[in-house]
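Chemist: kindly generate the corresponding structure for this input.
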Amino acid sequence: MRIALDYQIFMLQSYGGISRYFTRLAQGLLDRKQQVEIFAPLHLNSYLSAMPPGIISGRYINQYPPKTTRLIHAYNQFRSRSKISSWKPDVVHETYYAKVGSAPRNCPAVVTVYDMIHELFPNEFAIADKTATIKRIAIERADHVICISENTKSDLMRLYGTPASKLSVVHLGFDQFVSENCAESVATFGIRPFILYVGLRGGYKNFAGFLKAVTLSKRLLSDFDIVAFGGPKFSVADFALISSLGFAENQVQQISGGDDLLGSLYSSARAFVYPSLYEGFGIPPLEAMAHHCPVISSNSSSMPEVIATAAEYFDPKVPEDMQRAIEAVVYSDSYIKSLRKAGSERLTTFSWGKCAQETFNIYRSLV
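Modeler: Numbering: from 1, shown residues only. From the prediction side, this is the model:
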């Protein structure tokens, strides 16, 4: 089968969960002897450089010149559609949401919906952000829609009225990041025993709620540092919040780096905390499990669906409950051992290979 992936997410992300998903999906389809082509005329995505030669139609640019984003988007859209049409695919998988589709006439189009954050938390986005409007157009235009969790499917049906017959759920996989110098990588930051947070921190991600929960406990505040991996560097407002809550200087650190460092942090952390109010799927808990890091998670949205019994849960809107959950894990070696075992067992449910096979079955049903 000839399967085309369009340019969209590879223009938007240098790194990120969605572009990682599509490169893993493409590799899984190639492993199943399918013909795959990624049409990304001008892209800035770093994951594509690791793909097998010959399947990327386009070239890498380190960054777009100032004030050229709209022009480059228009160029990518035109070139991608033209090249896809010439390639004559059996199916096109659009990698994000667009008003105008990438599939040629009479060629099935698939779109993946990751979450309904723009619809459920509209105040966290600029008034000019039209993602929700464009998403609806893309969903209505698509021949089939993949949801990355049952929770996302349920939200989509409730908010958009999309019929169940048009929807399929395909869970994502996870990555294990191998670091040969795990202890050395972490030691360079001079970190004491620490609790790990991963990803963006604003709004519904609830990082501020997590910090507050830690400071409710004199033991936690005394015994542990906090490491926030990824996301933007701490702002003046972030430092002010950290100080006002009673953390010592440098007790809360923001660290950025590659997958090796992230793997090191997962492997070295006393626990990983996932305080988000809402997630469409949530890969970080699976990554933590893959590195034998105990998971402490919010009990909202898709988290129980993905994590099942492999975490200690809390109500993310109640800092005292988050404090309870963190203390229950980090001060119990036996519970940590139990969560690690449960995490290893839970990981057998998910893989990128399974994700690719189930996605391919959907393609085949459309062709």
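
Chemist: wasn't residue 53 part of a helix?
Modeler: No - read with DSSP: H, G, I helix; E, B strand; the rest coil, residue 53 is coil and lies in no helix.

Chemist: now it: how far from residue 34?
Modeler: According to C-beta to C-beta, to the nearest Å, residue 53 stands 17 Å off from residue 34. Using the backbone N, CA and C atoms, a C-beta is placed for each residue, glycine as well.

Chemist: my guess is residue 327 contacts residue 220, does it?
Modeler: Yes - under the criterion of C-beta atoms under 8 Å, residue 327 lies in contact with residue 220, with a separation of 6.6 Å.

Chemist: neighbour count: residue 53 and residue 34, which is higher?
Modeler: residue 34 (17 against 5; other C-beta atoms under 10 Å).

Chemist: so what's the more buried one up against?
Modeler: With contact taken as C-beta atoms under 8 Å, 6 or more residues apart in numbering, residue 34 is in contact with 1-3, 360.

Chemist: identify the farthest-apart pair in those.
Modeler: With distance counted by C-beta to C-beta, no two of the contacts of residue 34 lie farther apart than 2 and 360, which are 12.4 Å apart.

Chemist: that's a helix at residue 278, yeah?
Modeler: No - secondary structure assignment (three-state DSSP) places residue 278 in coil, not in a helix.

Chemist: hang on, isn't it packed against residue 120?
Modeler: Yes - with contact defined as C-beta under 8 Å, residue 278 and residue 120 form a contacting pair (6.2 Å).

Chemist: who has more neighbours, these two?
Modeler: Just comparing residue 278 and residue 120: by other C-beta under 10 Å the higher neighbour count belongs to residue 278, 22 against 15.

Chemist: name the nearest residue to that one, sequence neighbours excluded.
Modeler: Ranked by C-beta to C-beta, 6 or more residues apart in numbering and with sequence neighbours excluded, the top spatial neighbour of residue 278 is residue 301, at 4.6 Å.

Chemist: could you check how far the one you found is from residue 139?
Modeler: The separation that residue 301 has from residue 139, given C-beta to C-beta, amounts to 19 Å.

Chemist: for residue 166, which non-adjacent residue is spatially closest?
Modeler: Using C-beta to C-beta, 6+ apart and skipping the chain neighbours, the partner closest in space to residue 166 is residue 145 (5.7 Å).

Chemist: check the secondary structure at that neighbour for me.
Modeler: Remark: residue 145 carries the secondary structure label strand [criterion: three-state DSSP].
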